[in-house]
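Visitor: mind looking at a prediction? Sequence and model below.
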Amino acid sequence: MRVFFCILAICILSGTEAFSTGTSCGTVGNTRNPRISSLRGGTMSVSTPTLYDMPVSNSGARCRIIIYKKGLSLENDILIKPPSDLGGLKSPAYLALNPQGKMPLLVTEDGAAIPESDTIARYLVDRYADRGPAFRPATLQARTRSDLLCRLHDLYVAPIQGCMYKAAPPFAAFSSRAAALAELKKQLLILDAAVDPDGPYLAGGELSLADAAIFPTLVFVDFILPKFDPALLGGAWDPPAVMGGQLHSFFVRMRDSDDVFGKVYAEIRGALEKWEQDGRWAKILHAGLRDTEPASIFDKILAKQIPSEIVYEDDRVLAFNDISPQAPTHIVFIPKQREGMTQLRFSSEDHEGTLGHILAVAGKVAREKNLRGYRLVINDGKEAGQTVFHLHMHLLSGRHLSWPPG
């Protein structure tokens, strides 16, 4: 899979290995022998492949495991540099090489740019096939299992892993962190079921690309998920129950008995510990931020401990007729998960999906009831008439509604 993008639009300062950008940067003439233009004028070849990566990147760690396992020299065979050497992930120089603005990124010795960790990993395995372990098992069955595990990880786990550490949604298709965390657990268990039960590696008796791809993500899972509300993960932190027994056994074994995997574990964990020192999880919903306010009558309605005339219900919203109607039609809409939203003023980016869904449901109910006109009301605070401190919205219809409201 030698997919090469953008033959270089970056500048290298000769003799310093520092990268910069400028209008003097040239373009590639001969694609068989690409050159990188220097700010000092002239051109120079890229003589040593360079991986742009950071210790905290589990995607980059996938490639670093291969580099370390194959015993490549970090001075002569391949360099590992931070994206900041090119001005950062969103700098013109970096985007010229990888328009996605993500890491890792490999620049080969001939100046070709290869983004995407899976593609880089496969390139490294082919390029250095004569060095260290092959990462391609001898049997078709094991190779197929390795490819399946990589595919499951890359399609269903990696896209939502941000729910563990990003400040706000979306997390792939999920606007709710709680839903994304539940999906992450589900996908880890699906991944676990695809592991070769005989081991000791994920695809069987030989080291494979699957081991390099999945181990770094398990470092994230092991370090971060215990910070979240246990109720979201099914109870007290239990690694085999969350990541699967086979994945957990593999993770512990490789962390504790393999020097390279132990080294990568230390790299990632050290970076995550720095994130924690900087307070990353202190302001993340369900981790540092949790709903500690008392339960309300709505919790009893949701638990069906108090009867209600349900008008609409799905996995996120419940709508029911108000027991003290202020109009012929008076429906109350509540989110099933309060998530700290005792009042609208306490909503955040984490709640945008829920708030939008409540409005969409209100419109759906109004259409189904053929309401010609209606008013939606959210009372915020006692001064505004709020009596139940669990965010809710009223739909009023069937009588003349004056303006301004009283």
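Guide: Happy to help now that I have it.

Visitor: right, and Tyr165 touches Arg280 too?
Guide: Yes - shown here, Tyr165 and Arg280 form a contact pair, counting by C-beta atoms under 8 Å, at 6.5 Å. For the C-beta atoms, the positions are set from N, CA and C on the backbone; glycine is no exception.

Visitor: where does the stretch 301-406 of the chain dip in pLDDT?
Guide: 406 (pLDDT under 70).

Visitor: where do the strands sit along it?
Guide: 310-313, 317-321, 329-335, 375-377, 393-397 (DSSP state E, counting those that start in this stretch).

Visitor: which one of the ones you listed lies nearest to Val221?
Guide: Evaluated over the strands of the stretch 301-406 of the chain, closeness to Val221 peaks at strand 329-335, with 27.6 Å, by C-beta to C-beta.

Visitor: break down the stretch 201-350 of the chain into its helices, ranges please.
Guide: 209-224, 239-243, 245-257, 259-277, 297-302 (DSSP state H, counting those that start in this stretch).

Visitor: can you tell which of those is closest to Gly132?
Guide: Among the helices of the stretch 201-350 of the chain, helix 259-277 sits nearest to Gly132 (C-beta to C-beta), with 9.7 Å.

Visitor: what segments of the stretch 51-200 of the chain are helices?
Guide: 58-69, 92-97, 117-127, 140-152, 177-193.

Visitor: pick the most buried one from those helices.
Guide: Comparing the helices of the stretch 51-200 of the chain by mean neighbour count (mean count of other C-beta atoms under 10 Å), helix 58-69 ranks first with a mean of 25.

Visitor: now find how far off-centre stretch 76-89 is within its chain.
Guide: 23 Å (C-alpha atoms, centre = their mean, to the nearest Å).

Visitor: Ser308 against Ile301, yeah?
Guide: Yes - when contacts are counted by C-beta under 8 Å, Ser308 is listed as touching Ile301 (5.0 Å).

Visitor: next, show the common contact partners of these two.
Guide: Phe320 (C-beta atoms under 8 Å, 6 or more residues apart in numbering).

Visitor: so between these two, which is more surrounded?
Guide: A direct count of neighbours by other C-beta atoms under 10 Å for Ser308 and Ile301 places Ile301 higher, at 20 against 17.

Visitor: report the helix or strand with the lowest average pLDDT across the chain.
Guide: strand 43-44 (a mean of 26; mean pLDDT, DSSP states H and E).

Visitor: what residues are up against Asn58?
Guide: Gln161, Pro216, Thr217, Val219, Phe220, Ile268.

Visitor: who's in contact with the last one?
Guide: Think Ile268. So Ile268 contacts Pro55, Val56, Asn58, Ala61, Pro216, Val219, Phe220, Phe223 (C-beta under 8 Å, 6+ apart).

Visitor: swap in 7 Å and give it another go.
Guide: Contacts for Ile268 (C-beta atoms under 7 Å, 6 or more residues apart in numbering) come out as Pro55, Val56, Asn58, Ala61, Pro216, Val219.

Visitor: list the backbone torsions phi and psi for the first one.
Guide: Backbone dihedrals for Pro55, given as degrees, to the nearest 10, come out at phi -60, psi -30.

Visitor: counting neighbours, what do you get for Ala327?
Guide: Neighbour tally, Ala327, other C-beta under 10 Å: 17.

Visitor: distance of it relative to Val107?
Guide: 66 Å (C-beta to C-beta, to the nearest Å).

Visitor: Gly262 too?
Guide: Counting by C-beta to C-beta - Gly262 and Val107 are separated by 28 Å.

Visitor: more neighbours: the two, which one.
Guide: Val107 (24 against 13).

Visitor: so the more buried one bridges to which residues?
Guide: Beta bridges link Val107 to Thr50, Ala113, judged by DSSP bridges.

Visitor: just the pLDDT for it.
Guide: We note a pLDDT of 96 for Val107 in this prediction.

Visitor: same thing with Asp147?
Guide: On the pLDDT scale, Asp147 gets 98.
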